[in-house]
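Undergrad: Everything below, folded, please.
(2 chains)
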Number of protein chains: 2
Amino acid sequence: MMQPLPPGSTIGILGGGQLGRMLILAAARLGFKCRVYTDVVGPACDVAEASMIGAFDDAAKLSAFAVDVDVVTYEFENVPLAAAAAVERIKPVSPGPESLKASQDRLIEKNFVSELGIPVAPFAPIDSDTDIDAAISAAGFPAILKTRQLGYDGKGQVRVANVDELAAAFAEIGRQPAVLEAVVRFAFEVSVLVVRNAAGETRFYDTTRNHHDSGILRTSSVPADLPAPHQLRARQISERIATALDHVGLLAVEMFYVGRENSEPLIVNEIAPRVHNSGHWTIDACQVSQFENHVRAVVGWPLGVTDRHSDAQMNNLIGEEAHDWRRFAGEPGVCLHLYGKAEARPGRKMGHFTRLKGRSSDG
Amino acid sequence: MMQPLPPGSTIGILGGGQLGRMLILAAARLGFKCRVYTDVVGPACDVAEASMIGAFDDAAKLSAFAVDVDVVTYEFENVPLAAAAAVERIKPVSPGPESLKASQDRLIEKNFVSELGIPVAPFAPIDSDTDIDAAISAAGFPAILKTRQLGYDGKGQVRVANVDELAAAFAEIGRQPAVLEAVVRFAFEVSVLVVRNAAGETRFYDTTRNHHDSGILRTSSVPADLPAPHQLRARQISERIATALDHVGLLAVEMFYVGRENSEPLIVNEIAPRVHNSGHWTIDACQVSQFENHVRAVVGWPLGVTDRHSDAQMNNLIGEEAHDWRRFAGEPGVCLHLYGKAEARPGRKMGHFTRLKGRSSDG
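TA: Now for the predicted structure:
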């Protein structure tokens, strides 16, 4: 097992977005330097000690990047496995290859979670038109057709209600490998942020209740108001997944809460082997944020406490909503975070703010 | 008055130390870029968008630095006035020239505070050996001989008990312009962190109780356990100073608390026109830290709330104490901050940690 990296060491981060930026701010608090590898200049570059611009499948360039850092992590799980393996020949990469593999392909992810005995929505792969009938038998309608790779924030997803819509949707995504998933009726969505270190110790932030709109996360709130046994179940599911992956770092597990009358109240929707938008409230409501705990796990430090001192609601600022920064900056009780992105394109995450309230309860 | 600078703007920071580093981390949260001007590479450079290395009296180089930023501030008050004036001809500098002038020379500082009707310890200037007798008449013994310029963390200060020691001390500091100050008997030391914007609005963090050892700050705690009228008096004093300076930004006012039986319970020791070590607890115990509020004032944004959600004690990690990072990192309830300095020289501030407790009371 890796010796704890001393302060002053350099962390390499694959990906240059806002998650990388917030990882760097957390790492800097602990005395670490951070270098960024990214295919386009992004918000993380402003606070990185240095940045290298390159493609994520350029194994040679990634290897060169790895030489000058002490450990490598990512804020972005779509690093090709071969490239990640090339980096790992030079420096430790956390989270490891199992986490990357399971999270960058929806079919592998669903099979993996399902094989752990954890419920997922009925699903089936569609690689070609000839798979469509079998997929309908497995998933039924309404369903969602999702590309196996590179989807996020609702991209690469089409909701379909019948066989004609499905055939059209499959054509629309260019007949790339996909998964058809049953639409699940649920009360609300939650996510668990679990951090795990190389010794197998795990800690959980309070389960977060999430509200999405058009596939994009809008708000995350704690407490989630889950009944205590279901809160416990959410943690068990997340711990089982983190352990099966031998995950080192922060892992986010998104679930549908299907209600207390069900024997199994939670269905896993998706996992992300990294810090996660639904955990941004931990910056302002916890002593140790998801970002600092990810860093701690990756550098081999003791994990920090995940307790929160306040109730919190995080609101994303999407696109032009960020133009209202003056209003949010002046609102008492609002912790404002802006990512320094120049252009407020529609659907682009420009920042977020978290409202804190006195702490009410677990849940 | 300056229009609020939009996110994405660039803040220039004079000074490359840990205060600059923490300012940058706070500014980055709000979407600002930061550039550093420093005479030696320091902890701020790791997180700056860019750094320029130059002397603080190189007005031409400072002017070149100012061209590429939108506003200038400092983490370090010993910028020569002529150099600051050169910068100000190009870009706004906050805090302004009055704040710099009053805080970089102990004689000017003491005269300024005293002329506001605020108590300071008895003092007198010593420019040459011929001033010694008059200074003794003013200050008495025991006293402290302090250089007028460039002292910090107890440097440039000698405690003297009689005329021979004073003559020797004056020779020891090279007969540079100095101030002789009476040693004040006090119960404890406090500081007030006040933030003021260009519109003259002021906000106060809870008065902090400080413990120094050999001239170096060791701990800062809130609540300070000052009686409410004295807490109020501490704020009045700080507001009067901030207003008289037309200060924009964070201002720290260090005071001796001489006890409740005195008609004037507080004596001003020193002012600092910048974020201050005794305010580091605000990072972890407040929604908006001293660093963020300094940035907000400097860029013309609304000030943030200064409420704290927790009681707190900040402990500096001096020199080799920082080698114990493993222990502090593993202690629940400890928020650890390390500055990324490579060499743990004696007396060097390497980091700090803040212990949080449930909130007890104002004071």
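Undergrad: gap between the helix of greatest length in chain A and the chain center?
TA: In chain A, taking DSSP state H as the definition, the longest helix is helix A:228-244. Computed by Cα atoms, centre = their mean, to the nearest Å, the chain-centroid distance of helix A:228-244 equals 16 Å.
Undergrad: Any buried residues in that helix, and which?
TA: Neighbour counts over helix A:228-244 (16 or more other Cβ atoms under 10 Å in any protein chain shown) mark A:230-231, A:233-235, A:237-239, A:241-242, A:244 as buried. To be clear about C-beta, it is placed using only N, CA and C from the backbone, and glycine gets the same treatment.
Undergrad: Name the nearest residue to A:A178, ignoring sequence neighbours.
TA: The shortest distance from A:A178 to any non-neighbouring residue, by Cβ to Cβ, 6 or more residues apart in numbering or on different chains, is to A:I126 (4.8 Å).
Undergrad: Surely that neighbour touches A:A138?
TA: No - at 10.2 Å, A:I126 does not count as touching A:A138 under the criterion of Cβ atoms under 8 Å.
Undergrad: who touches both of these two?
TA: By Cβ atoms under 8 Å, 6 or more residues apart in numbering or on different chains, A:I126 and A:A138 have these common neighbours: A:L180.
Undergrad: Which one's more surrounded, those two?
TA: With neighbours defined as other Cβ atoms under 10 Å in any protein chain shown, A:I126 and A:A138 compare such that A:I126 has more, 26 against 15.
Undergrad: That one: what's it in contact with?
TA: Shown in contact with A:I126 (Cβ under 8 Å, 6+ apart): A:132, A:135, A:145, A:170, A:177-180.
Undergrad: From these, pick the one nearest A:E261.
TA: A:L180 (27.0 Å; Cβ to Cβ).
Undergrad: Just the CA atoms of the host helix or strand of the closest one, as PDB, please.
TA: A:L180 belongs to strand A:178-182 when assigned by DSSP states H and E. Written as PDB, here are the backbone C-alpha positions of strand A:178-182 (Å, rounded to 0.1, in the frame of the first residue of the first chain):
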ATOM      1  CA  ALA A 178     -26.600   1.500 -26.600                       C
ATOM      2  CA  VAL A 179     -28.600   0.200 -23.700                       C
ATOM      3  CA  LEU A 180     -32.400   0.300 -23.500                       C
ATOM      4  CA  GLU A 181     -33.500   0.900 -19.900                       C
ATOM      5  CA  ALA A 182     -37.000   0.700 -18.500                       C
END
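Undergrad: Pull up the gap between the residue nearest to A:A178 and A:E181, please.
TA: 11 Å (Cβ to Cβ, to the nearest Å).
Undergrad: what touches both of those two?
TA: By Cβ under 8 Å, 6+ apart, the residues touching both A:I126 and A:E181 are A:L145.
Undergrad: Please work out the angle formed by the directions of the strand or helix carrying A:L107 and helix A:228-244.
TA: Assigned by DSSP H and E, A:L107 belongs to helix A:106-115. Counting by axes from the mean of the first three to the mean of the last three Cα atoms, to 10 degrees, helix A:106-115 lies at 120 degrees to helix A:228-244.
Undergrad: The helix or strand just after helix A:106-115 pairs with which strands?
TA: Once helix A:106-115 ends, the next helix or strand along the chain (criterion: DSSP H and E) is strand A:123-126. Paired with strand A:123-126 in the same sheet, following DSSP bridges, are strand A:178-182 (antiparallel).
Undergrad: mind listing the strands for the stretch 201-350 of chain A?
TA: Assigned by DSSP state E, counting those that start in this stretch, the stretch 201-350 of chain A shows strands spanning A:202-204, A:208-213, A:216-222, A:249-257, A:266-272, A:310-318, A:334-338, A:349-358.
Undergrad: Relative to B:P43, which of the ones you listed is closest?
TA: Closest to B:P43 of those is strand A:334-338 (Cβ to Cβ; 22.5 Å).
Undergrad: what comes into contact with the closest one?
TA: Under Cβ under 8 Å, 6+ apart, the answer for strand A:334-338 is A:22, A:280, A:283-284, A:317, A:322, A:325, A:328-329, A:350-356, B:7, B:29-31, B:287-288.
Undergrad: Pull up the residues of the stretch 151-300 of chain A that are close to chain B.
TA: By the rule Cβ under 8 Å from any Cβ of the partner chain, the part of the stretch 151-300 of chain A lying against chain B is A:284, A:287-288, A:296.
Undergrad: min pLDDT across those residues, which one?
TA: Within those, A:Q287 has the lowest pLDDT, namely 93.
Undergrad: what's the neighbour count on that residue?
TA: A:Q287 has 23 neighbours, counted by other Cβ under 10 Å.
Undergrad: got it, and A:R185?
TA: A:R185 has 8 neighbouring residues, counting by other Cβ under 10 Å.
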